[in-house]
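> sequence and computational prediction follow.
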Amino acid sequence: MTSSITISVIIPAWNNWELTQTCLKGLAATADGITLEVILVDNGSTDETPHSAPTLGTSLFGDSFKHLRLSENRGFAVACNQGAQAATGRYLLLLNNDIFFTSGWLPPLLKALQQDSKLIGVGPLLVFPENDRPRSGRVQHLGITASVGPQFRHLYEMFPHSHPVTRKRRQLQVITGAAMLMPTRLFHALGGFFEGFVNGMEDVDFCCRAIKSGGYFSVIPESCLIHLTSCTTGRFNHEQHNMTLLLTRKPGAQEDDIRLAAEDGYRPTFTPWLDLALKLSTEKQSEIEANWSAKPDPARLPELLQAEPLWDEGYALWTHHQPHNAAIAAELRAILCPSIDAYHELARTLAEAGHSEQAAKTVKKIALIRDVLKDQAFLIRHARTLHGKTRDQATRDALNAWLAVHDGTTPSA
């Protein structure tokens, strides 16, 4: 018998009942008539969750709500797998409980998945909440890209959510498990998430396995959700374990970070400590400089930096001309245009703004970077190793430029 449920929504939760109840209410209010089954997987919560979730869930979703309680916190991967086993819908939506909903978010995801047979999973554009912090309203997730190493990172994280790059659909290898819609049969066919991961990298591993049979993932920008991120205690306690495990499982992701950025007019660069970053193309740099020179009004700087968030000099100008916004400008610069100078400026502005704890963390980061920079021989060896690994010519060119500065020589192309 065919299920009448279109989407089974799996929401893992461990404590944080306030967030979970807000998530459930928001989901019910924005379902847009799509038939949902909601499965809350309670990872051994010790707060109100086990007592309050069944009542609230049933009041919102009736018999289509399931409260699946585990005896202990077994992590995100196990919770999703347990929820999927109980699911009866044609599609599976994995959803974090720290998501806030916007109107009309769900139909574009479902429509995209139904219209393209090569599309095996989709997710929404995720943005940080609006507040007085530098990341307010900015991109949290627009896809996950792979670069030489391999390293994985969120594409255009911290770009303004209104920037043109956020309006494109892209063929991606990986999207986040924080909000991922896919056919239920796909999740089961791949055995779900690998349960050796502890709250991290299970989504990367899953997506890399999924695309080996063909197809791709995509972020659908017409769908936008607000994501608080990392609200679960201990979220990053196992980062090294998770990355090591991922590498042992040989994800096989192809380098796409630089290719995707190049399509939008950005190019790769490496910091002195060999972190990969993006910078403006020569054409984009000339355009923004000409725009500023035509009318060098400091009041225009926030608008110009919204339009071109990788304009390094613009942040320095903003910090200088608008001292009341100096800490915000300096933090955005340190994230989007990292350099030792940017970090020093951030430490200074944070201290002057009275944020002593954040200033101290920045000073510590500077010290760690300086320790890395002391071992130039190691960095040169590492650059040559990356040069040998990469299959991306733009990355190879950026490493050649780095080696020309730091070693005086470059490997053959």
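Yes, it's here.
> return the per-residue confidence for the closest residue in space to L304 that isn't next to it in sequence.
Nearest non-adjacent residue to L304, counting by CB to CB, 6 or more residues apart in numbering: G314, 5.8 Å away. Using the backbone N, CA and C atoms, a C-beta is placed for each residue, glycine as well. Looking at G314, its pLDDT stands at 97.
> pull the longest strand from the chain.
Ranked by residue count under DSSP state E, the longest strand found in the chain is strand 216-227.
> any idea how far it is from the chain center?
11 Å (CA atoms, centre = their mean, to the nearest Å).
> tell me what the helix or strand following it is packed against?
Toward the C-terminus, strand 216-227 is succeeded by helix 239-248 as the next helix or strand (DSSP states H and E). Packing partners of helix 239-248 (3 or more CB pairs under 8 Å, 6 or more residues apart in numbering; DSSP states H and E): helix 202-210.
> tell me the buried residues in the helix it packs on?
By neighbour count on 16 or more other CB atoms under 10 Å, the buried set for helix 202-210 is E202, D203, V204, D205, F206, C207, C208, R209, A210.
> can you put the residues you listed in a markdown table and add distance to G354?
Output for those, formatted as a markdown table (distance: CB to CB, whole Å):
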| residue | distance to G354 |
| --- | --- |
| E202 | 40 |
| D203 | 38 |
| V204 | 38 |
| D205 | 42 |
| F206 | 44 |
| C207 | 42 |
| C208 | 44 |
| R209 | 48 |
| A210 | 48 |
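> point out where the chain drops to low pLDDT.
Residues of the chain that meet the criterion pLDDT under 70 lie in 1-3, 230-236, 409-413.
> can I see the domain layout of it?
What the record gives for the chain is the domain set 7-258, 277-374, from automatic domain parsing.
> give me the distance between the two termini of the longest one.
Spelled out, that is domain 7-258. In domain 7-258, first residue to last residue: 35 Å (CA to CA, to the nearest Å).
> tell me the first helix or strand C-terminal of the helix or strand where E37 lies.
Element membership for E37, per DSSP H and E: strand 36-42. Scanning forward in sequence from strand 36-42 by DSSP H and E, the next helix or strand is helix 49-61.
> tell me the strands beside the following helix or strand past that next one, with direction?
Following helix 49-61 in sequence order, the next helix or strand is strand 65-69 (DSSP H and E). With DSSP bridges as the test, strand 65-69 is paired with strand 36-42 (parallel).
> roughly how far is the partner strand from the heart of the chain?
For strand 36-42 - counting by CA atoms, centre = their mean - the centre lies 24 Å from the chain centre.
> and stretch 48-67, by the same measure?
With CA atoms, centre = their mean, you get 30 Å for stretch 48-67.
> identify each buried residue in that stretch, please.
For stretch 48-67, using 16+ other CB under 10 Å, the buried residues are T49, A53, P54, L56, G57, L60, F61, S64, F65, K66, H67.
> run through who's touching that stretch.
5, 13, 15-17, 20-21, 24-25, 27-28, 35-40, 42, 69, 86 (CB atoms under 8 Å, 6 or more residues apart in numbering).
> which helix or which strand is home to L386?
helix 376-389.
> now do that helix: which elements does it pack against?
Packed next to helix 376-389, using 3+ CB pairs under 8 Å, 6+ apart, are helix 393-406.
> how far off helix 376-389 does the helix it packs on point, in degrees?
Computed by axes from the mean of the first three to the mean of the last three CA atoms, to 10 degrees, the angle separating helix 393-406 from helix 376-389 equals 160 degrees.
> buried ones in helix 393-406, by neighbour count?
Those would be A394, T395, R396, D397, A398, L399, N400, W402, L403, H406, for helix 393-406 by 16+ other CB under 10 Å.
> kindly report the same for stretch 153-161.
Buried residues in stretch 153-161 (16+ other CB under 10 Å): H154, L155, Y156, E157, M158, F159, P160, H161.
> again with stretch 337-345
Within stretch 337-345, the residues that count as buried by 16+ other CB under 10 Å are C337, P338, A342, Y343, E345.
> what lies in contact with it?
271-272, 275, 277, 279, 310-312, 315-316, 319, 330, 333-334, 362, 365-366, 369-370.
> just flag the most distant two among the buried residues of stretch 48-67.
By the measure CB to CB, T49 and S64 form the most distant pair in the buried residues of stretch 48-67, at 18.9 Å.
> coming back round to it: which of the domains of the chain sits closest to A383?
Nearest to A383 among these is domain 7-258; the distance by CB to CB comes to 10.5 Å.
> chain center to the closest one, what's the gap?
Between the centre of domain 7-258 and the centre of its host chain there is 11 Å, according to CA atoms, centre = their mean.
> out of the contacts of stretch 337-345, which are buried?
271-272, 277, 279, 310-312, 315-316, 319, 330, 333-334, 362, 369.
> show me which pair in the residues you listed is furthest apart.
W311 and I369 (22.7 Å).
> still on that earlier bit, other SSEs contacting the longest strand of the chain?
Against strand 216-227 (3+ CB pairs under 8 Å, 6+ apart) you get strand 99-100, helix 106-115, strand 119-127, strand 139-141.
> change it to 7 Å
strand 99-100, helix 106-115, strand 119-127 (3 or more CB pairs under 7 Å, 6 or more residues apart in numbering; DSSP states H and E).
> can you get me a residue count around F100?
Neighbour count for F100, taken as other CB atoms under 10 Å: 14.
> okay, and the beta partners of it?
For F100, the beta-bridge partners under DSSP bridges are I226.
> contacts only, for it.
F100 is in contact with G26, P129, L225, I226, counting by CB atoms under 7 Å, 6 or more residues apart in numbering.
> what's the answer for Q21, then?
By CB under 7 Å, 6+ apart, the contact list for Q21 reads S52, L56.
> burial of S286, as a residue count?
Applying other CB under 10 Å, we find 11 other residues in the vicinity of S286.
> hmm, I typed the wrong one, I wanted S281.
16.
> please report how far it lies from S64.
50 Å (CB to CB, to the nearest Å).
> how about I288?
51 Å.
> and L70, by the same measure?
21 Å.
> next: L19.
L19 is 21 Å from S64, by CB to CB.
> adding distance to A79 as columns, could you present the buried residues of stretch 48-67 in TSV?
Shown next, in TSV, are the buried residues of stretch 48-67 (distance: CB to CB, whole Å):
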residue	distance to A79
T49	13
A53	14
P54	17
L56	19
G57	16
L60	20
F61	19
S64	19
F65	16
K66	13
H67	13
